[in-house]
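Predicted structure and sequence below. I'll ask about it afterward.
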Amino acid sequence: MHHPRRYLLATLLASCSLALSAAEYRAPAAHDDGWPVADARLAQVDTAPLAALEAKLADGSYKNITSVLIARDGKLVYEHYFNGSDADHLNDVRSASKSVTALLAGAAIDRGLIPSVQAKVYGYFPDKQPLQHADPRKQAITLEDLLSMSSLWECNDENEFSSGNEERMYVTEDWLQFALDLPIKGFAPWMAKPADSPHGRAFAYCTAGAFVSGAVVERAAHMPLSRFAAEALEKPLGIEHVQWNASPLGIGMGGGGTRYRSRDLAKLGQLALDEGRWHGKQVISAAWMHAMLSVHAQARDDADYGYLWWSFRKPITGIDEPVWAMSGNGGNYVFVVPSRHLVAVVTSTAYNQRYAHPQSQEIFRDYLLKAALPGH
């Protein structure tokens, strides 16, 4: 006959053992998707912060996180899914899609389909003219202006009164005409003009501009954006499962809503880290990657902007290390830290929640970066 106290103690010990084993680090599984995998500890990644993060996710301190991945030195060393997600789930990364559009613009320039970032945007759309709010300054707007969120369009997603606010675009049928018809913005006395702004560009977050950037690539490539993405970017990276959205008139949506698996998002980050190479093959030119991941505008006091990529500067180990990022509504991120040979993915479904971005950035800063020892 079992002694009840001994039986209870044995049960408690067994459950504690199970909890401990559940929190133990496990290296990512090797799939046939091209990702080399490695044990985090052999890649100089401390697993203690990762275990602490898993505990925070388990007790509900962090909400709606669906995956966290780390790649170090080109190898996947940590991969964990939460809240019912798994490796095959297609994450709606919202505006992180804009960074993919920047990669595609580079691929089009590499192929000579677009002469350079100085290409004049309106020249690609003669069928959309005459325009509303005609102004000679419109004809001078370049692809670079759109990629750096600093065109002279009156377009600001963070201002609900803005003519170009993305919500206004979504309720129209012809998104392209909507964007091209936007008025030239005026600079109120409290607004910094381009000449008075860092890098000579006045930043305003404008999804319509990212959409038009994708439309330029479509026109230049003479094919749907999704097809060009598959041929120029996704297939070379071994990305087979993806979902692209399109406008009501069928133009690829380069401004948001693309869906990728978490391991494939990590590939996009690795491509950025490795100057456009994947498995030794140059997918996009190093010259474009350098231009894309260079600061072209100041977005906020704590963030700069490249070509549809964010640049955060965070004090880590006493120095400011540039952290480049794809960022989307809901707290979706692909972080790239060149100084640590690190790529980190955080996917989340906290759409339109105030805590979404701060939460994902805190996970990155307090757990994922701490797990990565100083660059070697």
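Happy to help now that I have it.

going forward, measure contacts and count neighbours with C-alpha atoms only.
OK.

OK, contacts around the nearest residue to Ala119 once chain neighbours are set aside?
For Ala119, the nearest residue in space outside its immediate sequence neighbours is Thr142; the separation is 5.4 Å by CA to CA, 6 or more residues apart in numbering. Counting by CA atoms under 8 Å, 6 or more residues apart in numbering, Thr142 makes contact with Val117, Gln118, Ala119, Lys120, Val121, Ser151.

Also Gly276?
Taking CA under 8 Å, 6+ apart as the contact definition, Gly276 lies against Gln282, Val283, Ile284, Ser285, Ala286, Met289.

Repeat the analysis, applying 10 Å as the threshold.
Applying CA atoms under 10 Å, 6 or more residues apart in numbering to Gly276 gives the contacts 103, 268-270, 282-290.

Now, those that are in strands?
Within the contacts of Gly276, membership in strands is found for Gln282, as judged by DSSP state E.

Now render the contacts of Gly276 as CSV, adding distance to Gly328.
Shown next, in CSV, are the contacts of Gly276 (distance: CA to CA, whole Å):
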residue, distance to Gly328
Leu103, 16
Leu268, 15
Gly269, 14
Gln270, 18
Gln282, 27
Val283, 24
Ile284, 23
Ser285, 25
Ala286, 25
Ala287, 26
Trp288, 22
Met289, 20
His290, 22
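
Just the buried ones from the contacts of Gly276?
Members of those that pass the buried threshold by neighbour count (16 or more other CA atoms under 10 Å) are listed as Leu103, Leu268, Gly269, Gln270, Val283, Ile284, Ser285, Ala286, Trp288, Met289.

So which of the residues you listed belong to helices?
Assigned to helices by DSSP state H, the following of these qualify: Leu103, Leu268, Gly269, Gln270, Ala286, Trp288, Met289.

Who are the contact partners of Phe161?
The neighbourhood of Phe161, defined by CA under 10 Å, 6+ apart, consists of Cys155, Arg168.

Shouldn't it be within a helix?
No. Following the definition DSSP: H, G, I helix; E, B strand; the rest coil, Phe161 is coil and is not counted among the residues of a helix.

how near is it to Cys155?
Here Phe161 is placed at a distance of 10 Å from Cys155 (CA to CA, to the nearest Å).

Closest to the centroid, which residue in the chain?
By CA atoms, centre = their mean, the chain has its centre lying nearest to Met326, at 2.0 Å.

The closest residue to Ser348 other than its chain neighbours: neighbour count?
Using CA to CA, 6+ apart and skipping the chain neighbours, the partner closest in space to Ser348 is Ile65 (4.3 Å). Counted with other CA atoms under 10 Å, the burial measure for Ile65 works out to 25 neighbours.

Numbering from 543 from now on, please.
New numbering, starting at 543: the last item is Ile607.

Could I get the contacting residues of Asn894?
Listed by CA under 10 Å, 6+ apart, the contact partners of Asn894 are Asn871, Gly872, Gly873.

so what's the first one up against?
This points to Asn871. Asn871 makes contacts with 634-638, 798-799, 890-895, 898-899, as judged by CA under 10 Å, 6+ apart.

What's the local residue count around the residue lying closest to Gln719 once chain neighbours are set aside?
The shortest distance from Gln719 to any non-neighbouring residue, by CA to CA, 6+ apart, is to Lys670 (6.4 Å). For Lys670, the tally of surrounding residues (other CA under 10 Å) stands at 12.

Asp574 too?
The number of residues packed near Asp574 is 8, by other CA under 10 Å.

So which residues of the stretch 543-692 of the chain form helices?
For the stretch 543-692 of the chain, helices defined by DSSP state H, counting those that start in this stretch occupy the ranges 546-565, 590-600, 639-652, 678-681, 685-689.

Any regions of this protein where pLDDT drops low?
Regions of the chain meeting the criterion pLDDT under 70 cover residues 543-565, 856-861, 916-918.

Give me the distance between the closest residue to Lys912 other than its chain neighbours and Asp628.
In space, and not counting its chain neighbours, Lys912 is closest to Pro591: 6.7 Å by CA to CA, 6+ apart. Plainly put, Pro591 is 22 Å away from Asp628 if you go by CA to CA.
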